[in-house]
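Asker: Sequence first, then the predicted structure:
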Amino acid sequence: MSEESKIPPYFYFNTKYCDWFQMLNNEQAGAVIKYICSYVKQAELPTIEDQAAAMLIEFIKTDIDHSFRKYHAQCENGKKGGAPKGNKNAAKKKATEEPPINELFGDIAYRIADVIFWNAQKEDFAISEYLSKSQIASIAACYHILDVDDISDIFDGTMKEFIINKSARQFCNELKQYAAAEFEEGDETFTETFARTKQAADKLLKMSLDEIKHFYSKCDLALEATDISETQIKEHYDFTEEEIKQILSATRQQNNPKTTQNNQI
């Protein structure tokens, strides 16, 4: 079975769909579930004639496709990461350069690798030729604060179109202004949150893109698949023994709030 045809051991069901399901009758809801099961298992898809059910399916399919893409990227990144077995110096060097596995660094790594660079790749946009690492860090920080994966609801057009037609500096400034306007202050001001988040992005961008993707794969597994076992990790991923220990340690912290540390840089 090829990497792209492998079926992930799980995918996430977004809680926003609970309200949608409540509006469906049992027959419609059952049809949606059966369709999604067939879609996930890559089996023959049943015909859906009900418009409400079909609409919900399309939304869920988008999330499934995203989860599958992340899973296949994790499998691929797992093969690329880690120091060679027996190379203690390389392992030590990587441990001092890589940030801790936590929600802040995990989300920022996702925004950099799976949002900014991935969207740029889709648009055939040589992002590094137009944006400095500091500007990419600023964009990642804003995406994190706004909790968005694209700018379609913020600006007309794509990031590539905005930057080429105007400038990278203007894009970063307007995105930051928008994030500041949308920000709801709590324990921190926007300035404090932005500075802390951008600092995390700056630290990640000292790594290569492949290293960032690999790091994100570990974070995603540790923070999201909190019930995954060592056996399942070894079966579905290609992390080193040391990386598996890191993942399981972060998972235990996630499952035990008393031992979970704050997101620190």
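Answerer: Sure, I can see it.
Asker: Could you report the separation of Q22 from C37?
Answerer: If you measure Q22 against C37 using C-beta to C-beta, to the nearest Å, the figure is 20 Å. In this view, the C-beta of every residue, glycine as well, is placed from N, C-alpha and C.
Asker: Helices along the stretch 151-265 of the chain, start to end?
Answerer: 159-165, 168-182, 190-204, 209-224, 230-236, 241-255 (DSSP state H, counting those that start in this stretch).
Asker: Put together a markdown table for these, with distance to P8 on each row.
Answerer: A markdown table is the format used below for those (distance: least, C-beta to C-beta, whole Å):
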| stretch | distance to P8 |
| --- | --- |
| helix 159-165 | 29 |
| helix 168-182 | 32 |
| helix 190-204 | 25 |
| helix 209-224 | 11 |
| helix 230-236 | 8 |
| helix 241-255 | 16 |
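Asker: nearest to F117, of these?
Answerer: helix 209-224 (6.1 Å; C-beta to C-beta).
Asker: Show me which residues of that closest one are buried.
Answerer: Buried residues in helix 209-224, counted by 16 or more other C-beta atoms under 10 Å: 211-223.
Asker: Out of those, which two sit at the greatest distance?
Answerer: Comparing all pairs in the buried residues of helix 209-224 by C-beta to C-beta, the longest separation belongs to E211 and L223, at 18.3 Å.
Asker: picking up where we left off before, in JSON lines, list the buried residues of helix 209-224 along with distance to T158 and pLDDT.
Answerer: Below are the buried residues of helix 209-224 laid out as JSON lines (distance: C-beta to C-beta, whole Å; pLDDT from 0 to 100):
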{"residue": "E211", "distance to T158": "26", "pLDDT": "88"}
{"residue": "I212", "distance to T158": "22", "pLDDT": "90"}
{"residue": "K213", "distance to T158": "22", "pLDDT": "86"}
{"residue": "H214", "distance to T158": "27", "pLDDT": "86"}
{"residue": "F215", "distance to T158": "26", "pLDDT": "88"}
{"residue": "Y216", "distance to T158": "23", "pLDDT": "85"}
{"residue": "S217", "distance to T158": "26", "pLDDT": "84"}
{"residue": "K218", "distance to T158": "30", "pLDDT": "85"}
{"residue": "C219", "distance to T158": "27", "pLDDT": "86"}
{"residue": "D220", "distance to T158": "25", "pLDDT": "82"}
{"residue": "L221", "distance to T158": "30", "pLDDT": "81"}
{"residue": "A222", "distance to T158": "32", "pLDDT": "82"}
{"residue": "L223", "distance to T158": "29", "pLDDT": "78"}
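Asker: and which of these is nearest K234?
Answerer: Closest to K234 out of the buried residues of helix 209-224 is L221 (12.1 Å), distances taken as C-beta to C-beta.
Asker: Quick check: the closest one touching H236?
Answerer: No - counting by C-beta atoms under 8 Å, L221 stays clear of H236, with 9.4 Å between them.
Asker: that older thread, just want to know which of Q22 and C37 has more residues nearby.
Answerer: The residue with more neighbours, out of Q22 and C37 and counting by other C-beta atoms under 10 Å, is C37; that gives 11 against 8.
Asker: residues in contact with the more buried one?
Answerer: Under the criterion of C-beta atoms under 8 Å, 6 or more residues apart in numbering, the neighbours of C37 are A43.
Asker: Could you do K41 as well?
Answerer: Residues touching K41, when contacts are defined by C-beta under 8 Å, 6+ apart, comprise I7.
Asker: Report the buried residues of stretch 112-130.
Answerer: For stretch 112-130, using 16+ other C-beta under 10 Å, the buried residues are I112, A113, D114, V115, I116, F117, W118, N119, A120, F125, I127, Y130.
Asker: Could I get the average pLDDT for that stretch?
Answerer: Taken as a whole, stretch 112-130 carries a mean pLDDT of 86.
Asker: now it, how far from the chain's geometric center?
Answerer: Put simply, stretch 112-130 sits 15 Å off its chain's centre (C-alpha atoms, centre = their mean, to the nearest Å).
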